[in-house]
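Asker: Need a 3D model of the following:
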Amino acid sequence: MRRKLRVAAYAVCVRDGQILLARSPAPDGTPEWVLPGGGMEHGEDPYDTVRREVTEETGYRIEVTGLLGVDSHRLLGDPRVGRRVDHQGLRIVYEGEITGGELRYEVGGSTDLAAWHHLDTVPGLVRVPMVDIALRLWRERPLHGHLEDVPVPRQVNEE
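Answerer: Alright, predicted model coming up:
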């Protein structure tokens, strides 16, 4: 089984009761809301990753104001790629404050739209689970930076 590790950094930017999200197509093409952020480049510090990714996806510059936590998930045997893969995602979640720039959409990247959403409307959005995990980290602020009762990752086994 091929092993793959992806390290990524994301920002929770909340102001005036709204959270900044970006929209990305799911593997089936359905748009879903995601946190601004993304994969770390080799040699890049995650602090720099999150600032770069937020600017790329939303047009805003941010100041990182805190480390909310780290989330890890594992997916075994992803049938979408046609072979067995043991994929682990390590996601570093920061809190960010907008310091400049203007809201704009990413062109030619992994997202196509960025928008502010009221926190109370987030449960009604089509979104990736990471949005909920990050919002829990933001609300609960666990001292150890880890949510204890996150459901066990789904395992997809190929036949």
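Asker: A strand includes residue 69, no?
Answerer: Yes: counting by DSSP: H, G, I helix; E, B strand; the rest coil, residue 69 falls inside a strand.
Asker: quick one: low-confidence ranges for this protein?
Answerer: Residues of the chain that meet the criterion pLDDT under 70 lie in 78-83, 149-159.
Asker: Quick one: the strands in it, in order.
Answerer: Here the chain has its strands, by DSSP state E, at 2-12, 14-15, 18-25, 31-34, 37-39, 60-76, 85-101, 113-118.
Asker: How about residues contacting the shortest one?
Answerer: Going back to what we said before, that points to strand 14-15. For strand 14-15, the external contacting residues (C-beta atoms under 8 Å, 6 or more residues apart in numbering) are 20, 97, 98, 116, 119, 138. (Glycine included, C-beta is placed from N, CA and C.)
Asker: pretty sure residue 7 is in contact with residue 45, am I right?
Answerer: No: between residue 7 and residue 45 there is no contact under C-beta atoms under 8 Å: 11.0 Å.
Asker: And those two? Which one has more around it.
Answerer: Neighbour comparison, residue 7 and residue 45: the larger count goes to residue 7, with 17 against 11 (by other C-beta atoms under 10 Å).
Asker: quick one on the thing from earlier: so which of the strands of the chain is nearest residue 50?
Answerer: strand 2-12 (3.9 Å; C-beta to C-beta).
Asker: can you give me how far the closest one is from the chain middle?
Answerer: 9 Å (C-alpha atoms, centre = their mean, to the nearest Å).
Asker: Would you give the sheet partners of that strand, along with the direction of each?
Answerer: strand 37-39 (antiparallel), strand 85-101 (parallel) (DSSP bridges).
Asker: Chain neighbours aside, what residue packs nearest to the residue most central in space within the chain?
Answerer: Taking C-alpha atoms, centre = their mean, the centroid of the chain lies closest to residue 35, which sits 4.2 Å from it. Spatial nearest neighbour of residue 35, chain neighbours left out: residue 10 (4.1 Å); criterion: C-beta to C-beta, 6 or more residues apart in numbering.
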